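Participant: Predicted model follows, preceded by the sequence.
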Amino acid sequence: MGAEVRWLTAEEQAAWRAYLRGTREVDVALDRDLQCHGVSLSEYELLSMLSESDGHRMRMSALADLVVQSRSRVTHTAARLERRGLVTRSPAPDDGRGVLLRLTDAGRTTIEDLARTHVASVRRHLVDVLTPEQFTALGDAMSAVRDAYRDDPTTPDPASCPPDPTMEP
């Protein structure tokens, strides 16, 4: 039998639910503002990471790790962006199994235009909603979470988890 569950206190439960709702509200708002320009938040994130990378290109596996998305999701997002001429995919020169994703000139122009919309959206929906102290504390808290998750060797890969007998196949 596993260890006893440490249930959340009422205050912890309230904070947890506020976090869940708040992060979802911000994600939806940021995505909605970009959708007005024909791009989703996940597409913007890939374009942005490519624009900041050396040579405006990255291995798709490294990009998936950076944006914390499955390789399959990054592949589908990259395919949509490639059809629109914003990125190109090519075999990695050092490894035949790897794929490089490269930002095109049209992709660079697009990300430069979208960055204004995105930054204004981030300010409106998050930065300006909080006091400077709250925003700093949020960054500190999320850095701690990121570091703990990255450094925790016990975090299971979902593919290695046993099937849940209560879930339908």
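Facilitator: In hand now; what should we look at?

Participant: residue contacts, the residue most central in space within the chain?
Facilitator: Nearest residue to the geometric centre of the chain (CA atoms, centre = their mean): Val67, 4.1 Å. Each residue near Val67 by CB atoms under 8 Å, 6 or more residues apart in numbering is listed here: Ser42, Glu45, Leu46, Met49, Val74. Every C-beta, even on glycine, is put in place using the N, C-alpha and C of the backbone.

Participant: what do you get for Trp16?
Facilitator: Trp16 makes contacts with Leu8, as judged by CB under 8 Å, 6+ apart.

Participant: ok, so what distance separates it from Thr23?
Facilitator: Trp16 sits 11 Å away from Thr23, going by CB to CB, to the nearest Å.

Participant: quick one: Gln134 from Asp54, how far?
Facilitator: Distance, Gln134 to Asp54, by CB to CB: 34 Å.

Participant: of these two, who's got more company?
Facilitator: Between Gln134 and Asp54, Gln134 has the larger neighbour count (other CB atoms under 10 Å), namely 11 against 6.

Participant: Quick check on the more buried one: phi, psi?
Facilitator: Main-chain torsions, Gln134, degrees, to the nearest 10: phi -60, psi -40.

Participant: now do Ala64
Facilitator: Dihedral angles (degrees, to the nearest 10) for Ala64: phi -60, psi -40.
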